[in-house]
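J.: Fold the following, please.
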Amino acid sequence: MIDTIMVSSMGSYAIAAVGLTTQPKFVGLAIFLSLNVAVSAIVARRRGEHDQESANRVLTQAILITLGLTAIVSVVCVALADPIIHLSGSAEDTHEPARNYFIIIMGGMVFNTLSMVINAAQRGAGNTKIAMCTNLISNGVNMVFNYLLIGGNLGFPKLGIEGAAIATVLGTVVACAMSIRSLFHPDRFLSVWQMRGRIRFDKRTMGAIANIGSSTLAEQIFLRIGFLTYSILVANLGTTAFAAHQIGMNMMSISFSFGDGLSVAAVTLVGQSLGAKRQDMAKIYGSICQRLGLVFAAILCVIFLLGGRGIFSWFSAETAILDYGQMIMQIMSVVIFLQISQVVYSGCLRGAGDTRYTALVSLISVTFIRPGSGWLFCYPLGLGLFGAWIGLAFDQLMRFLLTRIRFQQGKWTTLKI
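T.: Numbering: from 1, shown residues only. As a prediction, this is how the structure comes out:
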């Protein structure tokens, strides 16, 4: 969101160009996101079992896997950046800046992926502060170098969108250093002193990672296919509509963060409770996270309804974009209740290891319902960007219903990891 705001002074094409890279970037990160879910869930379960040795073995092997996969994904994304951005729906005025932004981000992704896997393990162990601190400082570094490099301030070169990408990578370098440093505390549950001598891959650890990670990877693939298809659908409406849509998606990512934070708490607390054989506490933690989510949704709903147009004015002063923004924020004020609830329910299920079900939900809802209904309302019914967001609302409703039913059934509390 910071990059989008700070390049917006260059025009709607810059907002759209940065937005075009979002889904292909997350496609490249899909395998790491799935690995991190597995790492969090397994470490949380081992923490509940008081098995420090196994938890550190999980992190060690996850780091080795991450480094190997990052080298492959980074090279592929940089080499194929041009066709990837074309596939994402770039226009003549957005293709080159989007491609250059994507190359820089994916070329320096190793710092991001390494920080992500360490933070995922730390969250599973209950040390959620490290993720908060690394992200806070990383974004601070990003903002400073955005100011210096986008517009060429204080004697720095004026690099525009490429400067925003470089600033983002520099932020992840700092975050990575902080994440690694968090492991150099001998008294913590996860520590390099405990990781020494555990470089070998073992059957139990790899089996647990593969069991949860494979289902979560399938879920990530379904999510990214659906999101990318949906993004291409909206990109075809034109640069102005896509720029407005991208601003809306940035605001939706902020609202998602409230649910995601509670989802992380659910993964950790549910996993630790099940590891300690306390199924009752796992259910209680899930319910509490859900209630907190509804409180956050209600607050955000009021903010979006009252300040929607004003929020969009942070990004652009174009009348067309502001008009789109008012409509988008009105839809989001309703969707946010479904979004936060389903994200929290999904976190509970993932924390218990019920990742096959969450993958099935993503296949049904994100891969098919979101782009399918979005296309129907957007083009055949002629509703344009409004129709695309109605399709998004249908997706959120379906995910909410499916995850709520699964949570209430309670079968997830009996799964073994």
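J.: Surely Leu300 is in contact with Ile336?
T.: Yes - with contact defined as C-beta atoms under 8 Å, Leu300 reaches Ile336; the gap is 5.4 Å. Any C-beta I mention is one placed from the backbone N, CA and C, and that applies to glycine too.
J.: and for the two, which residues touch both?
T.: The contact sets of Leu300 and Ile336 overlap at Ser255 (C-beta atoms under 8 Å, 6 or more residues apart in numbering).
J.: the more surrounded of these two?
T.: Ile336 (26 against 20; other C-beta atoms under 10 Å).
J.: in the helix or strand hosting Gln290, what's buried?
T.: Gln290 belongs to helix 279-312 when assigned by DSSP states H and E. Buried residues in helix 279-312, counted by 16 or more other C-beta atoms under 10 Å: 279, 281-283, 285-286, 289-290, 292-293, 296-297, 300-301, 303-304, 308, 311-312.
J.: Which strands and helices lie in contact with it?
T.: Here helix 279-312 touches helix 239-275, helix 319-351, going by 3 or more C-beta pairs under 8 Å, 6 or more residues apart in numbering; DSSP states H and E.
J.: For the stretch 51-200 of the chain, give me the ranges with low pLDDT.
T.: 195-200 (pLDDT under 70).
J.: the helices in it, which residues?
T.: Using DSSP state H, counting those that start in this stretch, the helices of the stretch 51-200 of the chain run over residues 52-79, 81-87, 95-107, 109-124, 129-150, 161-181, 192-195.
J.: closest one to Thr21 among the ones you listed?
T.: helix 95-107 (4.5 Å; C-beta to C-beta).
J.: what's the distance between that closest one and the middle of its chain?
T.: Relative to its chain's centre, helix 95-107 lies at 19 Å (C-alpha atoms, centre = their mean, to the nearest Å).
J.: cool, and stretch 98-115?
T.: With C-alpha atoms, centre = their mean, you get 15 Å for stretch 98-115.
J.: Can you list the buried residues in it?
T.: 98-106, 108-115.
J.: Could you work out the end-to-end span of that stretch for me?
T.: 25 Å (C-alpha to C-alpha, to the nearest Å).
J.: What is the burial count for Ile364?
T.: If you count neighbours by other C-beta under 10 Å, Ile364 ends up with 16.
J.: ugh, wrong one, I meant Ala243
T.: 28.
J.: swap in the one 4 residues further on?
T.: Other residues near Ile247 come to 29 when the count uses other C-beta under 10 Å.
J.: Same check on Arg181?
T.: Arg181, neighbours per other C-beta under 10 Å, totals 12.
J.: mind listing what Ala276 touches?
T.: Gly48, Glu49.
J.: same thing with Arg123?
T.: Applying C-beta under 8 Å, 6+ apart, the residues near Arg123 are Ser40, Ala131, Val264, Val267, Thr268.
J.: need these in JSON lines with distance to Ile5, can you?
T.: Shown next, in JSON lines, are those (distance: C-beta to C-beta, whole Å):
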{"residue": "Ser40", "distance to Ile5": "30"}
{"residue": "Ala131", "distance to Ile5": "23"}
{"residue": "Val264", "distance to Ile5": "25"}
{"residue": "Val267", "distance to Ile5": "30"}
{"residue": "Thr268", "distance to Ile5": "31"}
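J.: Identify the farthest-apart pair in those residues.
T.: The largest separation in these, counting by C-beta to C-beta, is between Ala131 and Val267 at 12.2 Å.
J.: So these two - more neighbours on which side?
T.: With neighbours defined as other C-beta under 10 Å, Ala131 and Val267 compare such that Val267 has more, 26 against 22.
J.: any idea how far Lys411 is from that one?
T.: Note on Val267: its distance to Lys411, by C-beta to C-beta, to the nearest Å, is 18 Å.
J.: Equivalent analysis for Val169, please.
T.: From Val169 to Lys411 the distance is 43 Å (C-beta to C-beta).
J.: more crowded one of the two?
T.: Val169 (20 against 12).
J.: and the residue located most distally from the centre of the chain, how far is that from Leu148?
T.: The centre of the chain is farthest from one residue, Gly155, which by C-alpha atoms, centre = their mean lies 34.6 Å away. Distance of Gly155 to Leu148, given as C-beta to C-beta: 9 Å.
J.: Then Gln246?
T.: Gln246 is 24 Å from Leu148, where distance means C-beta to C-beta.
J.: neighbour-wise, which of the two wins?
T.: Taking neighbours as other C-beta under 10 Å, Gln246 and Leu148 compare with Gln246 leading, 24 against 19.
J.: who wins for proximity to Met398 among the helices of the stretch 51-200 of the chain?
T.: Among the helices of the stretch 51-200 of the chain, helix 81-87 sits nearest to Met398 (C-beta to C-beta), with 26.2 Å.
J.: Now do the nearest residue to Asn100 once chain neighbours are set aside against Leu154, distance only.
T.: The shortest distance from Asn100 to any non-neighbouring residue, by C-beta to C-beta, 6 or more residues apart in numbering, is to Glu162 (5.1 Å). The gap separating Glu162 from Leu154 is 18 Å, by C-beta to C-beta.
J.: Looking at the two, which is more packed in?
T.: Glu162 (17 against 7).
J.: I figured the more buried one hits Ala98, correct?
T.: No - taking contacts as C-beta under 8 Å, Glu162 lies outside contact range of Ala98: 10.9 Å.
J.: still on that earlier bit, and the helix holding Gln290 with helix 319-351, angle?
T.: In terms of direction (axes from the mean of the first three to the mean of the last three C-alpha atoms, to 10 degrees), helix 279-312 departs from helix 319-351 by 170 degrees.
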